[in-house]
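**Q** Model the structure of this input:
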Amino acid sequence: MIPPGIVRGALLCLPAVVVTLSLMIVVGRGVRGRRRHRRERLVAPVRGLLMQLLCAEEDEQSELLSLLAGTDRRTWTALEPSLTALLAKVSGAARTALVRLYELRGAAVDAVGDLSSFSAARRGRAAQVLGQLGHRPAAGALCRLLADRDGEVRLAAARALGRCGDPATVPYLLESLHGPRAVSPGVVTGALVSLGPEAQRRVAAGLEHPEPLVRAVAIEALGATGAVSQTSVIARALREDPSVEVRIKAARALGRLGMPDGLEPLLAAAGRSGPAALRIVAVGALGSLGAVAATGRLAWLVGDADPHVAATAARALLKLGPAGQAALRAAAGDGPGGPAAAQARAALDEWEVGGARHDLRVEVAL
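**A** The predicted structure is shown next:
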């Protein structure tokens, strides 16, 4: 039991603590407000020049670039957050002008130096700037930051590597997925996708990695980038990989790629054995594949004992066009109470309602 004296002391101190916290909040807001006003005051004289630069023709940019690049350090520091935000939003000639401005100012070189700063905030900001500039010479230094002690810095480095566009960074991104300082799979996948078709061969090499997560991310990236040349590799993963998650990713990727080589592995994965999650994805992928040859297997699966597999098969048949719709109508007329008939009728009703809604929208638009 707490002694009464301690309780009374705590209650007497409580108002003082509340007042102190309130003062700290007010002072903090005031300091942030003064900093913001100071930045705005410093940026005001050059803000107009920046807007002119973004709208100027290429032959009119030289003088504006010289004026902006020649600003003093305090003004540049105040202006840089706005430049960083603009880099993420503009494209074409405006983006080219901003990149040239950074180059004239030597900001890319400074950012490379900041990658080794003791401050995590500076390292992360430097990585962000280099990524937005697409500064490929910084790729090696950014790869080292994938193992940074600060998680936010690791994320910034992974995103920046995707924007820098160097396919040689693929193994480093894949390795960053596991270990005590792992990077989020979603961020790594986004970076691999951003690297584009040139990186597909190196990404496909990740399917031989011993870590299932690495193989899963590699397959997802290949599917998202339309790596049709890697269809056979992904199909082999669907047939042989020991990880269910990897096989699920492979099935989904084959549906996205839409190549005939994916038909047989998907038909095998959709059969009435194996994990339900894999079967559901494989059945959905058969619909995305659009292969009429899958009509018979999908019609058979409409009567599957797993209702999720059956419902997915019915919806997949609708994607196969007239042949799939005819198979559904045949299943719907096969007795009043069978599970296949019920699933087929539900899918057809849903399809007809969707078609009616589409026709209504067209009529309203007209």
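**Q** Give the other helices and strands that the helix or strand harbouring residue 110 contacts.
**A** Per DSSP states H and E, residue 110 falls inside helix 107-114. Counting contacts by 3 or more C-beta pairs under 8 Å, 6 or more residues apart in numbering; DSSP states H and E, helix 107-114 is packed against helix 120-133. Bear in mind the C-beta positions are built from the backbone N, C-alpha and C, glycine included.
**Q** Can you give me the buried ones in the next helix or strand after the helix it packs on?
**A** As assigned by DSSP H and E, the chain's next helix or strand after helix 120-133 is helix 139-145. For helix 139-145, burial by neighbour count (16 or more other C-beta atoms under 10 Å) applies to 139, 141-143, 145.
**Q** any idea where the helices of the stretch 201-350 of the chain begin and end?
**A** For the stretch 201-350 of the chain, applying DSSP state H, counting those that start in this stretch gives helices covering 212-224, 231-240, 244-257, 263-269, 276-289, 295-301, 307-318, 322-332, 339-365.
**Q** and the fourth one, what's its mean pLDDT?
**A** Going back to what we said before, that points to helix 263-269. For helix 263-269, mean pLDDT rounds to 94.
**Q** Secondary structure class of residue 181, three-state.
**A** coil (DSSP: H, G, I helix; E, B strand; the rest coil).
**Q** tell me the phi and psi of it?
**A** Backbone torsions of residue 181, given as degrees, to the nearest 10, read phi -120, psi 50.
**Q** Next, count neighbours for it.
**A** Residues near residue 181, counting by other C-beta atoms under 10 Å, number 13.
**Q** so what's the closest residue to it other than its chain neighbours up against?
**A** Closest residue to residue 181 apart from its sequence neighbours, by C-beta to C-beta, 6 or more residues apart in numbering: residue 147 at 5.3 Å. Taking C-beta atoms under 8 Å, 6 or more residues apart in numbering, we find residue 147 in contact with 154, 176, 179, 181.
**Q** Report the contact partners of the second one.
**A** Residue 176 sits next to 146-147, 154, 158, 182-183, 188 when contact means C-beta under 8 Å, 6+ apart.
**Q** Same list (those) but as CSV, adding distance to residue 196 and pLDDT.
**A** Listed next are the contacts of residue 176 as CSV, based on distance: C-beta to C-beta, whole Å; pLDDT from 0 to 100:
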residue, distance to residue 196, pLDDT
146, 20, 96
147, 25, 95
154, 22, 96
158, 16, 96
182, 24, 95
183, 20, 96
188, 15, 97
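**Q** farthest-separated two in those residues?
**A** 147 and 188 (13.3 Å; C-beta to C-beta).
**Q** before we move on, the earlier item: and the contacts of residue 147, which two are furthest apart?
**A** Top of the distance list for the contacts of residue 147 (C-beta to C-beta): 154 and 179, 10.9 Å.
**Q** and the two? which has more neighbours close in?
**A** A direct count of neighbours by other C-beta under 10 Å for residue 154 and residue 179 places residue 154 higher, at 23 against 11.
**Q** residues in contact with the more buried one?
**A** By C-beta under 8 Å, 6+ apart, the contact set of residue 154 is 145-148, 176, 181, 183.
**Q** how about the helix or strand where it lies as CSV, C-alpha atoms only?
**A** In this structure, residue 154 sits in helix 151-164 according to DSSP H and E. What follows is helix 151-164, C-alpha atoms only, in CSV (Å, rounded to 0.1, in the frame of the first residue of the first chain):
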residue,chain,number,x,y,z
GLY,A,151,15.2,1.9,-40.0
GLU,A,152,13.9,5.1,-41.8
VAL,A,153,17.3,5.6,-43.4
ARG,A,154,17.2,2.0,-44.7
LEU,A,155,13.8,2.7,-46.3
ALA,A,156,15.0,6.0,-47.8
ALA,A,157,18.0,4.2,-49.3
ALA,A,158,15.9,1.4,-50.8
ARG,A,159,13.5,3.9,-52.4
ALA,A,160,16.5,6.0,-53.7
LEU,A,161,18.1,2.9,-55.3
GLY,A,162,14.9,2.2,-57.2
ARG,A,163,15.0,5.7,-58.6
CYS,A,164,18.7,5.7,-59.5
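**Q** What's the mean pLDDT across the helix or strand just after that helix?
**A** Downstream of helix 151-164, the first helix or strand assigned by DSSP H and E is helix 170-175. The average pLDDT within helix 170-175 is 96.
**Q** Next one: residue 236 from residue 277, what distance?
**A** 20 Å (C-beta to C-beta, to the nearest Å).
**Q** which residues sit against stretch 344-355?
**A** Residues contacting stretch 344-355 (C-beta under 8 Å, 6+ apart): 302, 311, 314-315, 317-318, 325, 328-329, 331-332, 334.
**Q** and if we set it to 6 Å?
**A** 302, 314-315, 318, 328, 331-332 (C-beta atoms under 6 Å, 6 or more residues apart in numbering).
**Q** Flag every buried residue along that stretch.
**A** So stretch 344-355, judged by 16+ other C-beta under 10 Å, has buried residues 344-348, 351.
**Q** what's the answer for stretch 115-122, then?
**A** 115, 122.
**Q** What of stretch 213-228?
**A** Taking 16+ other C-beta under 10 Å as the criterion, stretch 213-228 shows 213-223, 225, 227 as buried.
**Q** again, but for stretch 243-256
**A** Going by 16+ other C-beta under 10 Å, stretch 243-256 has these buried residues: 245-256.
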